[in-house]
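**Student:** sequence and computational prediction follow.
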Amino acid sequence: MLEWPDVLALANEANLEPPRRVERLDAEWHAQLSPEVYQVTRRNGTEAPFSSEMCSLFEPGRYACVCCDTLLFDSGDKFDSGTGWPSFTQPVEPNVIAYHADRSHGMVRVETVCNVCDGHLGHVFPDGPAPSGLRYCINAVALRKVVPTP
């Protein structure tokens with residue numbers, strides 16, 4: 001289980017090796033993604049808080065990167081943070097998320113990106129629930145819900 005010191009070490013030293021790589025030209029991403037998804041995932045944008053019903057959905061399933069279909073989060077690790085963005089306590093595997101120190105907007109945060117395609121997901125904070133204490137605050141448009149098979 002990842003905890004805040006692990007996240008800081010990954011952000012400041014080196015990320016884990018991804019399970020695979022998906023690389024496309026910017027023009028290819030632009031053609032593949034909707035304008036909003038492109039702005040968030042490829043240009044480090046942020047959707048408006050409370051703009052997605054995904055914040056309040058807690059049905060079983062997993063969440064994949066909308067750009068490359070890499071499984072990122074499980075609904076069992078999802079919680080209502082009250083922030084207006086879907087929040088999770090852990091990724092499904094430690095190597096599917098990459099971490100980068102983000103010093104934009106006059107603050108220091110840790111940005112989360114898909115470790116497979118480098119799509120911007122959101123940020124992670126050390127104010128989540130036990131046992132990890134992590135809150136992955138993720139843009140809903142960066143995720144695709146994967147329904148479990150019966």
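**Tutor:** Received it, and whenever you're ready, just let me know what you need.
**Student:** what are the boundaries of the strands in the chain?
**Tutor:** Assigned by DSSP state E, the chain shows strands spanning 62-65, 71-74, 78-79, 87-88, 97-102, 109-114, 120-125, 135-138, 143-146.
**Student:** partner strands of the first one, with direction?
**Tutor:** Partners of strand 62-65 in the sheet, by DSSP bridges, are strand 71-74 (antiparallel), strand 143-146 (antiparallel).
**Student:** contacts for the first one?
**Tutor:** Put plainly, it is strand 71-74. 61-65, 88, 90-93, 96-97, 114, 121, 136, 138, 143, 146 (C-beta atoms under 8 Å, 6 or more residues apart in numbering). Where you see a C-beta, it was placed from the backbone N, CA and C, and this is true even at glycine.
**Student:** restricted to buried residues, select the residues you listed in PyMOL.
**Tutor:** Selection of buried members from the contacts of strand 71-74 for PyMOL, criterion 16 or more other C-beta atoms under 10 Å:
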select buried, resi 61+62+63+64+65+88+90+91+92+96+97+114+121+136+138+143+146
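**Student:** any idea which of the strands paired with strand 62-65 is most buried?
**Tutor:** strand 71-74 (a mean of 23; mean count of other C-beta atoms under 10 Å).
**Student:** run the chain-centre distance for it.
**Tutor:** How far strand 71-74 lies from its chain's middle: 9 Å, per C-alpha atoms, centre = their mean, to the nearest Å.
**Student:** could you export it as PDB, CA atoms only?
**Tutor:** Only the C-alpha atoms of strand 71-74 are listed here, as PDB (Å, rounded to 0.1, in the frame of the first residue of the first chain):
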ATOM      1  CA  LEU A  71      -6.900   0.300 -15.400                       C
ATOM      2  CA  LEU A  72      -6.100   2.900 -12.700                       C
ATOM      3  CA  PHE A  73      -8.600   2.700  -9.800                       C
ATOM      4  CA  ASP A  74     -11.100   0.300  -8.200                       C
END
